[in-house]
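S.K.: Got a predicted structure plus its sequence, pasted below:
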Amino acid sequence: MKAGLVGFAQSGKTTLFNALTGLHKAGTPGRAHVNLGAIKVPDPRVDALSKIVKPRKTTFAEMVFVDVAGPSGKGAGLPAESLRALAEVDAFCLVVRGFVAADGTPPDAARDLRDFDAELVLSDLDVVEKRLDRLRKEHGKTGAEYHELERLHGHLESGKALRAMRWSDAEEKEMAHFGFLSRRPLLVVVNVSEEAAAQPAPESVEVAARERTAEAIALAAPVEAEIAELDPADQPEFLQSLGLTEPARARFVRAAYKLLDSISFFTVGEDEVKAWTIRRGDRAPRAAGRIHSDLERGFVKAEVIHYGDFLAAGSEAKARHEGKLRVEGKEYVVQDGDILHVRFAV
């Protein structure tokens, strides 16, 4: 799963990227750049399972974040390299400035959100208009694709993002190959000053985000960078001094995970306790394929124990004895917190 971290110049986007990933990348003003970094998804269930099983290795789920250059200013448009990078991610995390700029310019995070969303809408409108023009030349104003694109055109021309539209499963499948940018889920991250680190996102941003079927959170990227550099033992006192109960990094990752409609399942054994990421609604063979392609190809059955049942029993053997283990087939929809053991034959 990939989330694209994007924002206007001077929003603090790259500072946040570095704080999240532990990397030390530098943004280059006026020049498109793309940085990649993976971060672990905080999950106390992994810690609890490891405490019971005591494996040789514990592995958390990971999300890949792509730091992408945004527009340099209002009306500047997205650089071509950024558009290509954004086409490869599953969702967008837009970083907007919530602090007074070095030149004294006050923040207007809601405006920055509107401007960025407008860039996505214009990009998609261009794609739709070019395809409609080609269809008219080849087939006239006929066909299911033409009429569906006409519907999208009207929506985009009104300035609205496609994520706000309801599509049937058939329409989703039909339109998927276009890779519309304004269809992607959007998380708005208001980068605030240290004094506002413990406060929620401004109401104006919350409203603008809801109007665009997006979500918003607030954090202070420089504070997060400082927390990331601290020894774990020193973090609680520092967080308390700021009025925080946990690093905003954890809230951000959970919000991004939710944004992607992702869930975790686990594999548990003496060698390793590991969390795996799948889409909500994925069936057992798809989940098995996350572990190894052979498991999906040769999937037979999955032995399933839910995390809560495993925790209550205290071991796999006892959970089996208590009848908490189920054997599920190819149509089983994996639930968040399932512990899987895959039976396969290739």
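M.R.: Perfect, I can see it now. What you see is a predicted model, and the numbers here were worked out from it, not measured in a lab. Residues are numbered from 1 along each chain as shown.

S.K.: just for the chain, where's the confidence low?
M.R.: Along the chain, segments meeting pLDDT under 70 span 24-33, 70-78.

S.K.: how does it divide into domains?
M.R.: Following automatic domain parsing, one gets these domains for the chain: 2-108+184-259, 115-181, 281-344.

S.K.: Nearest to residue 273, out of those domains?
M.R.: With C-beta to C-beta, the closest approach to residue 273 among the domains of the chain belongs to domain 2-108+184-259: 4.7 Å. Any C-beta I mention is one placed from the backbone N, CA and C, and that applies to glycine too.

S.K.: First-to-last residue distance for that closest one?
M.R.: Domain 2-108+184-259 has an end-to-end distance of 11 Å (C-alpha to C-alpha, to the nearest Å).

S.K.: same thing with stretch 319-336?
M.R.: 18 Å.

S.K.: And for that stretch, what's in contact with it?
M.R.: 263-265, 278, 280-287, 299, 301-306, 309-310, 313, 316, 340 (C-beta atoms under 8 Å, 6 or more residues apart in numbering).

S.K.: what do you get if the cut-off is 6 Å, keeping everything else the same?
M.R.: Here stretch 319-336 makes contact (C-beta atoms under 6 Å, 6 or more residues apart in numbering) with 263, 265, 282-285, 287, 301-305, 309-310, 313.

S.K.: Likewise for stretch 53-63?
M.R.: In contact with stretch 53-63 (C-beta under 6 Å, 6+ apart) are residues 1, 38-41, 46, 50, 264, 268, 270-275, 277.

S.K.: go again using 8 Å as the cut-off
M.R.: So stretch 53-63 is contacted by 1-3, 38-43, 46-47, 50, 253, 256-257, 260, 264, 268-277 (C-beta under 8 Å, 6+ apart).

S.K.: In space, what's closest to the residue most central in space within the chain - neighbours in sequence excluded?
M.R.: Nearest to the geometric centre of the chain sits residue 256, at 3.8 Å (C-alpha atoms, centre = their mean). Ranked by C-beta to C-beta, 6 or more residues apart in numbering and with sequence neighbours excluded, the top spatial neighbour of residue 256 is residue 3, at 5.1 Å.

S.K.: Got phi/psi on the one you found?
M.R.: phi -120, psi 130 (degrees, to the nearest 10).
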